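Enquirer: need a 3D model of the sequence below.
(one chain, ligands or ions: 1)
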Amino acid sequence: MEQRKVLLTGGNLLQAHTWKGLLESSGISVDVRGEALMGGVGELPVDMQTVELWVDCEQLTASQALLASLDVEQPSWQCVQCHEMNDGSFELCWQCTSPRSETHN
Ligand SMILES: [Zn+2]
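Expert: Okay, the predicted model is just below:
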């Protein structure tokens, strides 16, 4: 008997596996479904690449909270050199390659 729910549905397999790894490192079992749709065919259009993350329904709330906290941990940051906004996952300014600073705006 399966007691699982869809945590999220997205079209990005790489992102799905990143989340899966993060959740599983926190002890949450994750199934990634939908990969079979694109397995090795290479002819499917991008918008067919529906990926679903499934978790145990008892862990759904914790999973959602974890994903939310992951977003919070990586806010965008503004370069102090050129004032460009950078994605939270960048350690260097994409424009001028200055190191990330603690200054946030
Ligand atoms: Zn910069």
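Enquirer: packing partners of the helix or strand of the chain with the lowest mean pLDDT?
Expert: Least confident helix or strand of the chain, by mean pLDDT, DSSP states H and E, is helix 60-73 with a mean of 80. Packing partners of helix 60-73 (3 or more CB pairs under 8 Å, 6 or more residues apart in numbering; DSSP states H and E): strand 4-10, helix 13-25. C-betas here are computed from N, CA, C, even on glycine.
Enquirer: up against the ion, what does the protein have?
Expert: Within the chain, the positions lying close to the ion (CB under 5 Å from the ion) are Cys79, Gln81, Cys82, Glu84, Cys93, Gln95, Cys96, Ser98.
Enquirer: so what's the first one up against?
Expert: Same thing as Cys79. Taking CB atoms under 8 Å, 6 or more residues apart in numbering as the contact definition, Cys79 lies against Met85, Asn86, Cys93, Gln95, Cys96, Ser98, Ser101.
Enquirer: out of those, which is nearest to Ser25?
Expert: Using CB to CB, Asn86 is the member of the contacts of Cys79 that lies nearest Ser25, at 25.3 Å.
Enquirer: so the closest one sits right up against Arg100, yeah?
Expert: Yes. Using CB atoms under 8 Å, Asn86 makes contact with Arg100 at a distance of 7.2 Å.
Enquirer: show me the common contact partners of these two, please.
Expert: With CB under 8 Å, 6+ apart as the test, Asn86 and Arg100 both reach Trp77, Cys93.
Enquirer: low-scoring stretches of the protein, by residue?
Expert: Along the chain, the parts satisfying pLDDT under 70 run over 1-2, 11-12, 35-49, 71-74, 102-105.
Enquirer: and it, split by domain according to the record?
Expert: Residue ranges for the domains of the chain, per automatic domain parsing: 4-73, 75-105.
Enquirer: show me how far the last one is from its chain's centre.
Expert: Looking back up the chat, that one is domain 75-105. Computed by CA atoms, centre = their mean, to the nearest Å, the chain-centroid distance of domain 75-105 equals 20 Å.
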